[in-house]
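J.: after the sequence you'll find the predicted model.
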Amino acid sequence: MQNEIEEIPSSHSPMCPNLSTLFLCDNKGLGFVADSFFKQLHGLMVLNLSRTGIKNLPDSVSDLVSLTALLLNYCSNLRHVPSLKKLRALKRLDLSRTTLEKMPQGMECLTNLRYLRMNGCGENEFPSGILPKLSHLQVFVLDEYYRSITVKVREVVSLRNLETLECHFKGLSDFVEYLRSRDKTQSLSTYRILVGMVDEDFWQYSDYSPSKTVGLGNLSINRDRDFQVKFLNDIQELVCESIDARSLCDVLSLENAPELVVIQIYDCDSMESLVSSSWFCSAPPPLPSYNGMFSSLKEFYCSGCKSMKKLFPLVLLPNLVNLERIEVMLCKKMEEIIGTDEESTTSNSITGFILPKLRTLRLRYLPELKSICSAKLICNSLEDITVTFSKKLKRMPICLPLLENGQPSPPLSPRIMYIEPKEWWETVMEWEHPNAKDVLRPFVKFGLV
């Protein structure tokens with residue numbers, strides 16, 4: 001491993017009948033392995049060629065009938081894998097992040113397979129008839145790195161032993177069918193399900209995503225609540241891009257998503273708010289319980305939503321005790337981050353809230369933004385504040401900790417404030433405490449980030 005091996009020529013055919021494990025991974029310059037190399041390695045059980053430059057897997061690998069693991073992930077030059085028909089003992093197959101031109105033959109014969117990770121091999125849809133034969137699969141991951149490949153819903157549902165699922169459903173109807181048909185007694189420990197048409201970079205931050213994520217792209221959401229009720233109630237991250245929905249209430253049943261940690265909303269032009277005002281009305285149907293809603297939320301991102309006017313309603317602010325990050329940008333109608341609600345009769349009497357874990361607040365290119373919050377916000381963990389080109393914002397409701405003499409305390413931890421334009425900060429922006437601006441001035445950087 002991690003050597004400078006460039007090839008294994010045909011003169012090499014080791015006689016090692018008892019060799020069970022061979023790691024040649026991380027030899028990035030290894031572009032050629034002769035067919036003769038594996039001719040006398042019939043006892044081989046684990047073969048790892050991951051992260052090498054190999055272009056063609058030798059045909060002799062087809063005769064390694066004792067193989068239980070074949071690992072070829074991140075072989076970015078790999079074009080060809082021979083027939084896998086004889087490898088019936090195989091339990092783990094990883095072909096992800098390769099550039100295979102065709103699906104390997106004999107996949108349906110791998111009846112003992114537990115782990116399968118691969119890309120589309122040039123196909124737009126995973127071939128029919130393979131998955132139902134792989135009844136022992138516990139991990140099924142269709143890699144989306146190079147191009148999206150869809151999978152038939154009924155074939156996924158047939159995998160009763162699944163613990164990890166990463167796949168792409170073509171449309172909303174397919175996803176709804178999956179939600180209706182899946183075995184309710186079996187719960188996935190990890191899933192990343194993509195629904196609809198998406199760009200190649202949809203999962204650009206996927207390596208940092210929670211273990212239970214759903215992405216919706218370019219969809220028109222049916223607002224009859226049938227979709228909501230059937231949604232996965234253990235979802236941890238929701239990504240919405242270019243979906244036709246007025247609020248998240250059209251997308252999932254929020255009171256049944258207590259584990260939601262990350263919300264990302266991009267280019268949803270019909271979305272007016274995160275939670276619709278009508279959702280809080282007491283008229284029939286009965287007011288749903290929102291106790292604890294968003295109580296697990298840590299990160300919220302919103303960008304390019306042209307109709308969005310406000311994010312969180314004030315009534316939900318006490319629930320955001322775990323919120324660490326808010327980023328909002330390019331929402332041309334955004335007026336309030338935490339908005340007042342006509343339905344909240346007690347909102348006028350509320351003077352302040354504590355957001356104990358909020359560390360990052362970034363507001364960029366919000367030309368109509370007038371308010372972050374009507375109440376005072378105590379955010380003693382705040383480290384990173386960015387406000388750029390939001391010139392109508394005149395008040396920063398964030399309270400700094402006070403010293404014994406009643407003056408605001410300088411930051412206890414390194415804090416950075418990015419502000420643009422400079423004139424707006426100096427002549428317009430006001431803080432809760434009149435001396436707060438002077439205390440923070442050493443931490444302010446003017447310009448774009």
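T.: Nice, thanks for sending it over.

J.: what's the pLDDT at residue 284?
T.: We have a pLDDT of 40 for residue 284.

J.: kindly report the same for residue 170.
T.: Note for residue 170: predicted pLDDT of 88.

J.: again with residue 420
T.: 86.

J.: quick check: beta-bridge partners of it?
T.: Note on residue 420: beta-bridge partners by DSSP bridges are residue 388.

J.: neighbours around it, how many?
T.: Residue 420 has 20 neighbouring residues, counting by other CB atoms under 10 Å. (Glycine included, C-beta is placed from N, CA and C.)

J.: list the contacts of it.
T.: Taking CB atoms under 8 Å, 6 or more residues apart in numbering, we find residue 420 in contact with 387-389, 446-448.

J.: from residue 303, how far off is it?
T.: Separation of residue 420 from residue 303 (CB to CB, to the nearest Å): 17 Å.

J.: top of the contacts of residue 420 by number of neighbours, please.
T.: Of all those, the highest neighbour tally under other CB under 10 Å goes to residue 387, namely 22 neighbours.

J.: ok, that residue - contacts?
T.: Per CB under 8 Å, 6+ apart, neighbours of residue 387: 363-364, 393, 417-420, 429.

J.: just the contacts of residue 420 now: which is nearest residue 274?
T.: Minimum distance to residue 274 across the contacts of residue 420 is 20.2 Å, recorded for residue 387 (CB to CB).

J.: correct me if wrong: residue 326 contacts residue 357.
T.: No. Between residue 326 and residue 357 no contact is recorded; they are 11.5 Å apart, counting by CB atoms under 8 Å.

J.: and those two? which has more neighbours close in?
T.: Shown here are residue 326 and residue 357; by other CB under 10 Å, residue 326 has more neighbours (23 against 16).

J.: can you name the residues bridging to that one?
T.: residue 300, residue 361.

J.: chain center to the single longest helix found in the chain: distance?
T.: What stands out as the longest helix in the chain, according to DSSP state H, is helix 172-181. Averaging C-alpha positions (CA atoms, centre = their mean, to the nearest Å) puts helix 172-181 20 Å from its chain's average.

J.: that one - contacts with which helices or strands?
T.: Helix 172-181 sits against helix 153-157, strand 190-196, helix 226-229, with contacts defined as 3 or more CB pairs under 8 Å, 6 or more residues apart in numbering; DSSP states H and E.

J.: tell me which of the ones you listed sits most buried.
T.: Highest mean neighbour count among the helices and strands packed on helix 172-181 (mean count of other CB atoms under 10 Å): strand 190-196, with a mean of 22.

J.: each with direction, which strands does it pair with?
T.: strand 164-169 (parallel), strand 212-217 (parallel).

J.: next, the angle helix 172-181 makes with the last one.
T.: For strand 212-217 against helix 172-181, the angle by axes from the mean of the first three to the mean of the last three CA atoms, to 10 degrees is 150 degrees.

J.: CA atoms only: put strand 212-217 into PDB for me.
T.: Taking Å, rounded to 0.1, in the frame of the first residue of the first chain, the C-alpha atoms of strand 212-217 are listed here in PDB:
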ATOM      1  CA  LYS A 212     -30.500  10.100   7.600                       C
ATOM      2  CA  THR A 213     -31.000  12.600   4.800                       C
ATOM      3  CA  VAL A 214     -33.600  13.200   2.100                       C
ATOM      4  CA  GLY A 215     -33.100  15.500  -0.900                       C
ATOM      5  CA  LEU A 216     -35.900  16.800  -3.000                       C
ATOM      6  CA  GLY A 217     -35.200  18.500  -6.300                       C
END
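
J.: for this protein, name the helix or strand with the lowest mean pLDDT.
T.: Lowest mean confidence among the helices and strands of the chain (mean pLDDT, DSSP states H and E): helix 226-229, at a mean of 56.

J.: so after that helix, what's the next helix or strand?
T.: Downstream of helix 226-229, the first helix or strand assigned by DSSP states H and E is strand 237-241.

J.: that following strand pairs with which strands?
T.: When DSSP bridges is applied, strand 237-241 pairs with strand 212-217 (parallel), strand 262-266 (parallel).

J.: my read is that residue 192 contacts residue 213, right?
T.: Yes. Residue 192 is within contact range of residue 213, at 4.7 Å (criterion: CB under 8 Å).

J.: export the strands paired with strand 237-241 to a markdown table and tack on distance to residue 91, mean neighbour count and mean pLDDT?
T.: Shown next, in a markdown table, are the strands paired with strand 237-241 (distance: least, CB to CB, whole Å; neighbours: other CB atoms under 10 Å; pLDDT from 0 to 100):
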| stretch | distance to residue 91 | mean neighbour count | mean pLDDT |
| --- | --- | --- | --- |
| strand 212-217 | 25 | 21 | 90 |
| strand 262-266 | 33 | 21 | 93 |
